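Engineer: Curious how this folds, go ahead:
(one chain, ligands or ions: 1)
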Amino acid sequence: MNLIVCKNYEEVSAEAAKIVFEQIKQKPDSVLGLATGSTPEGLYANMIRANQAGEISFRDVRTVNLDEYYPIRPENDQSYRYFMNQKLFLHIDIDRSNTHVPDGTAADPQKEGLRYEQLISDLGGIDLQVLGIGQNGHIGFNEPDTELDAITHKTDLTPSTIAVNSRFFASEEDVPKQALTMGMRSILNARKIILLACGKEKHTALQHLLNGKISTHWPASLLNLHSDVTVICDTAAREG
Ligand code: GLP
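Structural biologist: Residues are numbered from 1 along each chain as shown. Here you go, the predicted model:
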């Protein structure tokens, strides 16, 4: 596991952007696995800036997002589809039909999981997966448990995740209790992975990732099974 410790959030975002740009320069039609949450917002801002400055084009890039609340409509301003459109897709030269998010309106979540897996495979697999990390060590919405799902599936959110994510909603009751998320295999199949972690709230989860041990109770720790993971964090997340 490579570890890059940065002074602050701005540096973390810039380091992540460097890796994304390098990937796209090497393969202009790269498949990027993207994440939501506040952490990657700085990366997305860098992508927008570079695109608008004519330094990089996303014309041929394809994207697959990690997760989506369930059930939720894409036009709901709390949906991850809405987030991605607002924070990135609407501001860069990507073809929006090449951007994919699990369908929060799917009547049959199991079928949607299989469709999403097929889609990733039809795209040729994920070249570079961007991840954040939950305070409880979740990646995507793979929540701590005695067993974890391998492929894209519907999952219950833990009370702690509902509480943490309630900051984006009017009240805790408004937070959806379920989500669709890529599974551990979907994530670990990516050719390259970067995980961004900022702030002391992420320290414990990060410790469980960096100590080299694997536990389904700290889902991010399974990234130790992958041979090309770069963790980019700030000193607050590293030192607690
Ligand atoms: C959310 C998302 C994750 C994200 C995490 C951390 O619940 N499902 O993909 O990495 O929580 O979010 P933040 O970056 O806002 O701390």
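
Engineer: going forward, measure contacts between C-alpha atoms and count neighbours the same way
Structural biologist: Will do.

Engineer: Next, find the distance separating the most centrally placed residue in the chain from L66.
Structural biologist: Most central residue of the chain, judged by C-alpha distance to the mean C-alpha position with CA atoms, centre = their mean, is A35 at 2.3 Å. A35 sits 6 Å away from L66 when distances are taken as CA to CA, to the nearest Å.

Engineer: what's the answer for T105, then?
Structural biologist: 16 Å.

Engineer: Settle it for me: which of the two has more neighbours?
Structural biologist: In this comparison of T105 against L66, neighbours counted by other CA atoms under 10 Å, the higher total goes to L66 at 26 against 15.

Engineer: ok, the more buried one touching T181?
Structural biologist: Yes. In this structure, L66 sits in contact with T181. The criterion is CA atoms under 8 Å, and the distance is 5.8 Å.

Engineer: where do the contact lists of those two overlap?
Structural biologist: Shared contacts of L66 and T181, defined by CA atoms under 8 Å, 6 or more residues apart in numbering, are found at P102, G140.

Engineer: So what's the residue count around E239?
Structural biologist: Around E239 sit 13 other residues, with neighbours defined as other CA under 10 Å.

Engineer: Measure how buried A179 is and give me the count.
Structural biologist: Considering only other CA under 10 Å, A179 is surrounded by 22 other residues.

Engineer: Phi, psi for it please.
Structural biologist: Summarising the backbone geometry of A179 under the convention degrees, to the nearest 10, its torsions are phi -150, psi 160.

Engineer: hang on, isn't it packed against D156?
Structural biologist: Yes. Here A179 lies in contact with D156, judged by CA under 8 Å, at a distance of 6.6 Å.

Engineer: Would you mind giving the secondary structure of F83?
Structural biologist: Assigned by DSSP: H, G, I helix; E, B strand; the rest coil, the conformation of F83 is helix.

Engineer: from what I can see it touches D77, true?
Structural biologist: Yes. With contact taken as CA under 8 Å, F83 and D77 are classed as touching, separated by 7.1 Å.

Engineer: and the two? which has more neighbours close in?
Structural biologist: For the pair F83 and D77, the greater number of neighbours falls to F83 (18 against 13), based on other CA under 10 Å.

Engineer: which ones are touching the more buried one?
Structural biologist: Taking CA under 8 Å, 6+ apart, we find F83 in contact with T36, D77.

Engineer: distance between the ends of stretch 56-68?
Structural biologist: 28 Å.

Engineer: Number of residues surrounding the nearest residue to Q207 once chain neighbours are set aside?
Structural biologist: In space, and not counting its chain neighbours, Q207 is closest to R238: 7.8 Å by CA to CA, 6 or more residues apart in numbering. Using other CA under 10 Å, R238 is surrounded by 22 other residues.

Engineer: Surely the residue nearest to the centre of the chain touches V130?
Structural biologist: Yes. Applying CA under 8 Å, one finds A35 in contact with V130, separated by 6.0 Å.

Engineer: hang on, the earlier thing: overlap of the contact sets of A35 and L66?
Structural biologist: Among the neighbours of A35, those also in contact with L66 (CA under 8 Å, 6+ apart) are G140.
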